[in-house]
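> Build the 3D model from these lines:
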Amino acid sequence: MFGLPQREAALARGDNDTIGMIQDGMFAMSARLVLTRWILACLAALFVAASAHAQMVAARDLAADARLASQRKIALLVLFSEAGCPWCERTRQEFLLPMQRNPEYGEKVMMREVDIDSSAALVDFAGIKTTQAEFARRLRVNMMPTVMLFGPRGEALAEPLVGFRGADYHGYFLDERIDGALARLRGAR
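Predicted structure coming up:
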């Protein structure tokens, strides 16, 4: 009987060691619970990692986007950002992407992003081909992040939101600009 696990030894002796069997059963259930929790934690981490890498739609044709936004009677919100800007990332992740997923904001704004350092092709509001960097330069966007709201002809509908003013107030200032832009856009019709 030496070398046998305790449960097998108890059964070999004819002992009815129910406490030991219960403990073994509880250990097995505990091990399954730990494994289940570990799997769920891994899935949650994958979900968070996937959403953390979610991006806004890059601006490619602002004239077409403005026409579509005009048909829907909503403003075109453009985030001007640059690579490596932590405030741009916070604005995107903490405010704009959650807004983009919220159907209420889908009835208010269409969102696009312009990378001020990018040579990616862009059609501006007048239908002229340019680059994202040149478009930002023409608008004199030089501090990041900058959020601007545009109407159907590329006219600014609200004062630009420049910089990141802290998580406590940034959402308020953003909503204030969006509501003002909509009032101006819809009041003009």
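
> Just the CA coordinates for stretch 174-182, please, in PDB.
Provided in PDB are the C-alpha atoms of stretch 174-182 (Å, rounded to 0.1, in the frame of the first residue of the first chain):
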ATOM      1  CA  LEU A 174     -16.700  67.900 -26.600                       C
ATOM      2  CA  ASP A 175     -20.500  67.500 -26.000                       C
ATOM      3  CA  GLU A 176     -20.900  71.300 -25.800                       C
ATOM      4  CA  ARG A 177     -19.100  71.700 -29.200                       C
ATOM      5  CA  ILE A 178     -21.200  68.900 -30.800                       C
ATOM      6  CA  ASP A 179     -24.500  70.300 -29.500                       C
ATOM      7  CA  GLY A 180     -23.500  73.800 -30.700                       C
ATOM      8  CA  ALA A 181     -22.600  72.500 -34.100                       C
ATOM      9  CA  LEU A 182     -25.900  70.600 -34.500                       C
END
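
> which residues in the protein form helices?
6-13, 18-52, 62-71, 86-90, 97-101, 103-106, 132-138, 167-187 (DSSP state H).

> who touches residue 148 in this structure?
Counting by Cβ atoms under 8 Å, 6 or more residues apart in numbering, residue 148 makes contact with 77-78, 80, 139, 141, 156, 158, 160-161. C-beta here means a position set from N, CA and C on the backbone, and glycine is covered the same way.

> now the protein, which segments are flagged as low pLDDT?
For the chain, applying pLDDT under 70 flags the ranges 1-31, 33-36, 38-53, 188-189.

> Give me the residue at the spatial middle of it.
Central residue of the chain (Cα atoms, centre = their mean): residue 97, 3.4 Å from the mean position.

> Type out the PyMOL command that picks the buried ones from the contacts of residue 148.
Buried subset of the contacts of residue 148, written as a PyMOL selection, criterion 16 or more other Cβ atoms under 10 Å:
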select buried, resi 77+78+80+139+141+158+160+161
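
> Which of the contacts of residue 148 fall in strands?
Per DSSP state E, strands hold the following members of the contacts of residue 148: 77-78, 80, 161.

> Which of these sits closest to residue 180?
Residue 180 lies nearest to residue 161 out of the ones in strands among the contacts of residue 148, by Cβ to Cβ, at 10.9 Å.
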